[in-house]
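S.K.: sequence unknown, structure follows:
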């Protein structure tokens, strides 16, 4: 039984203000990256100062948000679901993210959040059937992980194939597409 990869906590925020300091892709690193990943992998909790990835597609495609507004995709790394109190963790993480971004942007952003949707490890698991809500299937934290990924073809059931981020060759959009190509080449 291999360790699962990390997961994500994503806040989708409709902001009724534009932030000229921000771009399409924004990353705000933790002051202590090592401690952040220790909390994720060892303690199975969310670090109090997480690295925050903020994507605002309306910076590129203006009609993704109403005039004068922005659509924020705010994501942090979190542990996969192993029975944590996610309601409490999400509440605290949301507060910590708002404090961090408010400090960095020089204004309280909470007043500008007009709508919100949340995606957490439990909802990732229930919506995608990804065990424990892991984003990339098994973890890749050791030198043999790449060789232990799930195969693209079932050894037990004829004509059953697998593609995606949790099977060979791995997670991320380019590797998922490569996984699909491997399967499509086999079934031609």
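M.R.: Done, it's in. Everything numeric in this text was worked out from a predicted model, so none of it was measured.
S.K.: Tell me where the chain has strands.
M.R.: 7-15, 25-28, 52-55, 70-78, 113-119 (DSSP state E).
S.K.: Columns distance to residue 44 and mean neighbour count on top of those, output as CSV?
M.R.: (Each C-beta comes from the backbone N, C-alpha and C, glycine too.) Shown next, in CSV, are the strands of the chain (distance: least, C-beta to C-beta, whole Å; neighbours: other C-beta atoms under 10 Å):
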stretch, distance to residue 44, mean neighbour count
strand 7-15, 11, 20
strand 25-28, 23, 14
strand 52-55, 20, 20
strand 70-78, 9, 21
strand 113-119, 19, 13
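S.K.: Tabulate those strands (JSON lines), appending mean pLDDT and distance to residue 99.
M.R.: Converted to JSON lines, the strands of the chain look like this (pLDDT from 0 to 100; distance: least, C-beta to C-beta, whole Å):
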{"stretch": "strand 7-15", "mean pLDDT": "93", "distance to residue 99": "14"}
{"stretch": "strand 25-28", "mean pLDDT": "97", "distance to residue 99": "12"}
{"stretch": "strand 52-55", "mean pLDDT": "97", "distance to residue 99": "11"}
{"stretch": "strand 70-78", "mean pLDDT": "95", "distance to residue 99": "13"}
{"stretch": "strand 113-119", "mean pLDDT": "96", "distance to residue 99": "13"}
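S.K.: In a markdown table: those, plus distance to residue 178.
M.R.: Below are these laid out as a markdown table (distance: least, C-beta to C-beta, whole Å):
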| stretch | distance to residue 178 |
| --- | --- |
| strand 7-15 | 22 |
| strand 25-28 | 23 |
| strand 52-55 | 23 |
| strand 70-78 | 23 |
| strand 113-119 | 25 |
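S.K.: Looking at the ones you listed, spot the one closest to residue 180.
M.R.: Checking the strands of the chain against residue 180 by C-beta to C-beta gives strand 7-15 as the closest, at 21.8 Å.
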